[in-house]
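Peer 1: Sequence first, then the predicted structure, then my questions.
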Amino acid sequence: MASIAGVSVPVVPSHWRVLAVAIGCGIVAALVILWFVGLPIVAAGFAAATLVITGVLIAARLLFPRKDVRSGEPDWTVANAIAAVASDAVALTDRAGRLACANDRYDQLFRGYPTPPNLPIDAGDTERLGSAGRTAWRDGEATASVVAGGTRVDVTIHRIGDTMLLWRFAARDSADVVTTAIELLSGPQGDRLGEAGIMAALLSPDGRVRIANRVLRMRAMGHDEGAIEGRDFARFLITDAGGMVRFEREGLSGNPLRVVEIPLLESHDAPMLIALLDEEVPIPVPAIGSSAASHVRSLVALMPVPLALVDRDGRFVHMNDAFQRAASIDAAAPPLYPGDLVVREDKGALADAIRRFAGGGGYATQLAVRFNEKPDEAVHISLTGARGLGDAAVLMGIKGNSEEGRLKNQVAQATKMQAVGQLAGGVAHDFNNILTAIIGHCDLMLMRHTPGDSDYDDIQQIKTNSNRAAGLTRQLLAFSRQQTLRPQVLQLPDVISEVSNLLKRLLGETLELVVQHGRNLGPVRADPGQLEQVVVNLAVNARDAMLSSHPNGGGVLTIETRSVTAADVRRLKNDILPAGDYTALRISDTGTGIPADVLPKIFEPFFTTKEVGKGTGLGLSTVYGIVKQSGGYIFAENIPKAGALFTIYLPVHSSAAGAVTQKVPPKPKSGETWGSGTILLVEDEDMVRAVAERALTRQGYTVRTAENGEVALEVLGDGPAPDLLISDVVMPTMDGPTMARRVRARFPQVPILFMSGYAEEQLRKSIDLDNVAFLPKPFSVQQLAEAARDALATK
Ligand code: ADP
């Protein structure tokens, strides 16, 4: 039904009615003439003439209608009727630009009756429509194309007379969509789609190709000549067992395709636009017939850990980017078999393991192998039997060189060092007891012999060798961080200058020593003697490395000190070094460097690459222990085309943080060690107790002994306080500190001297008593006598 915007319905007068009026008027005029003139012939002639004139005028009007006749208001009923049957949206506007009439289709298209050109279209289209309207007023008609409601609409405008404009809006119908699609796929637009990697075709409802772009014709047929139109599209494609689609012409080794179906129209029997895209495959599939289900591939591709899929024949089916990176694989030439990745010695073991899993044996295992690219670095390959993953039979992962793996290795290394340290500490403690007994007995024997005596030199030899053994035990304790340190706040350059003379002697004539100190170095808190040992040990190793690479000499040992701020540490991105201010000590040489397989082991005790008798393997482990015990960090690396570099970071000591001021032990006063009084000696090791008892008795003391804390309390009984209590720290049943606390509870003034094979630092926590002295084992008779005398002096 038509809708009317204007309202006015006048009726055009009929020519026949004019003729009837003229005839009537002619008859009346003839009667009047007859009345006045009385001649009927004149009256009849007048009537006939009137009739002829009227008829001629009507005929003339009919034959030559006047162009400029003002018809007055148009007949809107007719306009409406015409508009209603029009399939396009139609509207009439008048000279003043008002909407006079529009149909239902117009209402649907523009959701109401807006006046053209001000329609709900974008501003540019409104502008174009307005211009077309002006052209139509001038030239009689004009066309334009606009987009309304997402549809392209062709507009034709006709001028009707001088008063009206007829606007006709034709929305492009489905036929136009297909035409557009055909236009898009053929010719240059189709090639542009191809350049963007899109192969596209328009299929008729029966699946036959109506048109395809050039790249699709090339891939499907191998050439772009000859007609593809009318051929069954499905014939060009194959689908494998895993559901991957490929071009039939390219076979199973071709690149898998993603098929996207785009229904152009809603109806089922409408043409279908098909787009084919190459699936992203990181590497070409090397083996015919090898493919995993596409979702498994996608999953593997997404995983951040290095993973690859291997088929039953032991060939790679797929590998992700992380795997390629970890195994240094060139994506352009991927290996066919996992065995191609590893060094010759490991090929057999890897192939065997894969064969076992591919055959259905086992579920998971790990294998240490070395890649061709990095033959010095062992990595762990994990193998897992895969079920239900298409052709993939084994899932292969690389462990060990991922970030997580690296951290795990570091933690494992630290744990191992800790365990070895504990073992070394325990061994050193036992040795210290034995050495105390040996040295003590030597001292006692020497007291009975005079120099020149036949036994005197032998006893001296035993004592000298025992002292060497005591030195080794101290190194073990240093490694296990259980030695007694005497830390002081000091500047690293002072330590270096203390040892530089010794270093020069060590390096000899042929090797050069270069020392460079940084600016604004913060003070550090460490035992200067131990730090000297660190520098000497590192220098000795550097010398050995330089002499073995240049036997005739020529090499430089560089010692640098540097200030490292917290910001510098953050920039270093070192996982181990916590942010903070450090003073760094860098010791580098121009020697052999440290081989990659040796580097992770150098700090382990007894690890040495030197000839038997030349290296003990304790140098760097001692360094490590001292640095750790001083709260520092040590790193070893190789300098490209030079030698090794050891960097030690010692935390800068701030006076606020270092509230504890180390009690400097009183220098042993030489001289008289004779004394008197009662000493209670508590020691669980019989040999140490025996020698200490004899030594103290010899000095004039009355010694009472006990083998542990409980026995000591029994020995005291209700009796008087001893003048001095000398006790071991770690003992069975009741330890030294517990017993000492009980004794102090009864006799608050009694002086106490602890002796131990463990470090004082380690024991400080358990010895929470004031005014106690400490004597590290092993000690000589002289040292024991002096310590007893000094302790008694504090009473
Ligand atoms: P030792 O010196 O008795 O062998 P260390 O613990 O001091 O024991 O050193 C362990 C190993 O570390 C050495 O045997 C050597 O292989 C290696 N090493 C240490 N320092 C260097 C260096 N500056 N250059 C090359 N290799 C080194």
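Peer 2: Alright, I've got the coordinates.
Peer 1: Can you list the buried residues in stretch 591-603?
Peer 2: Neighbour-count burial for stretch 591-603, counted by 16 or more other CB atoms under 10 Å, picks out 591-594, 602-603. Where C-beta positions appear, they are placed from N, C-alpha and C, glycine not excepted.
Peer 1: out of those residues, who's near the ligand?
Peer 2: Counting by CB under 6 Å from any ligand atom, 591-592, 594, 602 from those sit close to the ligand.
Peer 1: Export only the CA atoms of stretch 89-109, formatted as CSV.
Peer 2: Output in CSV follows, covering the C-alpha atoms of stretch 89-109 (Å, rounded to 0.1, in the frame of the first residue of the first chain):
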residue,chain,number,x,y,z
ALA,A,89,12.2,2.7,-2.9
VAL,A,90,10.7,5.7,-4.6
ALA,A,91,10.1,9.3,-3.4
LEU,A,92,8.9,12.6,-5.0
THR,A,93,10.2,16.0,-3.9
ASP,A,94,9.0,19.4,-5.0
ARG,A,95,10.9,22.5,-6.0
ALA,A,96,11.0,23.6,-2.4
GLY,A,97,12.8,20.3,-1.6
ARG,A,98,9.8,19.0,0.4
LEU,A,99,9.0,15.3,0.3
ALA,A,100,5.6,15.0,-1.5
CYS,A,101,5.3,11.3,-1.8
ALA,A,102,7.2,8.0,-0.9
ASN,A,103,6.4,4.3,-0.8
ASP,A,104,6.7,1.5,1.8
ARG,A,105,10.0,0.3,0.4
TYR,A,106,11.4,3.8,1.0
ASP,A,107,10.2,3.5,4.6
GLN,A,108,11.9,0.1,5.0
LEU,A,109,15.1,1.3,3.5
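Peer 1: list the buried ones in it?
Peer 2: 89-93, 99-103, 105-106, 109.
Peer 1: Now for those residues: which two are most distant?
Peer 2: Greatest spacing in these, by CB to CB: Ala100 and Leu109 (17.8 Å).
Peer 1: Next step: the ones next to the ligand among the buried residues of stretch 591-603 restricted to strands.
Peer 2: Among these, no member is found in strands (DSSP state E).
Peer 1: so where do the helices sit in the stretch 551-700 of the chain?
Peer 2: 566-572, 619-629, 686-698 (DSSP state H, counting those that start in this stretch).
Peer 1: okay, stretch 628-646 in PDB with CA atoms only?
Peer 2: Only the C-alpha atoms of stretch 628-646 are listed here, as PDB (Å, rounded to 0.1, in the frame of the first residue of the first chain):
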ATOM      1  CA  LYS A 628      80.800 -17.500  51.000                       C
ATOM      2  CA  GLN A 629      81.700 -17.200  54.700                       C
ATOM      3  CA  SER A 630      82.300 -13.500  54.100                       C
ATOM      4  CA  GLY A 631      78.800 -13.100  52.700                       C
ATOM      5  CA  GLY A 632      80.200 -12.700  49.100                       C
ATOM      6  CA  TYR A 633      79.700 -14.300  45.700                       C
ATOM      7  CA  ILE A 634      82.200 -15.700  43.200                       C
ATOM      8  CA  PHE A 635      81.800 -16.300  39.500                       C
ATOM      9  CA  ALA A 636      84.200 -17.900  37.000                       C
ATOM     10  CA  GLU A 637      84.000 -17.300  33.300                       C
ATOM     11  CA  ASN A 638      86.200 -17.300  30.200                       C
ATOM     12  CA  ILE A 639      87.200 -14.100  28.500                       C
ATOM     13  CA  PRO A 640      86.900 -14.600  24.700                       C
ATOM     14  CA  LYS A 641      90.300 -15.100  23.100                       C
ATOM     15  CA  ALA A 642      92.000 -14.600  26.500                       C
ATOM     16  CA  GLY A 643      92.100 -16.700  29.700                       C
ATOM     17  CA  ALA A 644      89.900 -17.100  32.800                       C
ATOM     18  CA  LEU A 645      88.200 -14.400  34.800                       C
ATOM     19  CA  PHE A 646      87.200 -14.800  38.400                       C
END
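Peer 1: could you check whether that stretch is close to the ligand?
Peer 2: Yes: counting by CB under 6 Å from any ligand atom, the ligand is contacted by stretch 628-646 at 643-644.
Peer 1: how far is that stretch from where the chain is centred?
Peer 2: Chain-centre distance of stretch 628-646: 27 Å, with CA atoms, centre = their mean, to the nearest Å.
Peer 1: What residues of it count as buried?
Peer 2: For stretch 628-646, by 16+ other CB under 10 Å, it's 628-630, 632-634, 636, 638, 643-646.
Peer 1: quick one, what contacts Asp162?
Peer 2: Counting by CB atoms under 8 Å, 6 or more residues apart in numbering, Asp162 makes contact with Arg95.
Peer 1: Okay, now the unreliable bits of the stretch 351-500 of the chain?
Peer 2: For the stretch 351-500 of the chain, the stretches with pLDDT under 70 are 360-363, 387-390, 400-407, 409-410, 478-485.
Peer 1: Which parts of it are strands?
Peer 2: If DSSP state E, counting those that start in this stretch is used as the criterion, the strands of the stretch 351-500 of the chain fall at 364-370, 378-389, 392-399, 488-490.
Peer 1: Ranking these by mean neighbour count, which comes first?
Peer 2: Mean neighbours per residue, mean count of other CB atoms under 10 Å, is largest over those for strand 392-399, with a mean of 23.
Peer 1: angle of that strand against strand 378-389?
Peer 2: Computed by axes from the mean of the first three to the mean of the last three CA atoms, to 10 degrees, the angle separating strand 392-399 from strand 378-389 equals 150 degrees.
Peer 1: Once you drop chain neighbours, what's closest to Ala30?
Peer 2: Ala47 (3.7 Å; CB to CB, 6 or more residues apart in numbering).
Peer 1: helix/strand/coil for that neighbour?
Peer 2: The three-state assignment at Ala47 reads helix, by DSSP: H, G, I helix; E, B strand; the rest coil.
Peer 1: cool, Ala30 as well?
Peer 2: helix.
Peer 1: Run a quick neighbour tally on it.
Peer 2: 21 (other CB atoms under 10 Å).
Peer 1: what does stretch 441-451 rub up against?
Peer 2: Stretch 441-451 is contacted from outside by 455-456, 459-460, 462-463, 466, 691, 694-695, 698, 780-782, using CB under 8 Å, 6+ apart.
Peer 1: please redo it, this time with the cut-off set to 7 Å
Peer 2: 455-456, 459, 462-463, 466, 691, 694-695, 780-782 (CB atoms under 7 Å, 6 or more residues apart in numbering).
Peer 1: Type out the PyMOL command that picks the buried ones from those residues.
Peer 2: One line in PyMOL is enough to select the buried ones among the contacts of stretch 441-451; burial here means 16+ other CB under 10 Å:
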select buried, resi 459+462+463+466+691+694+695+780+781
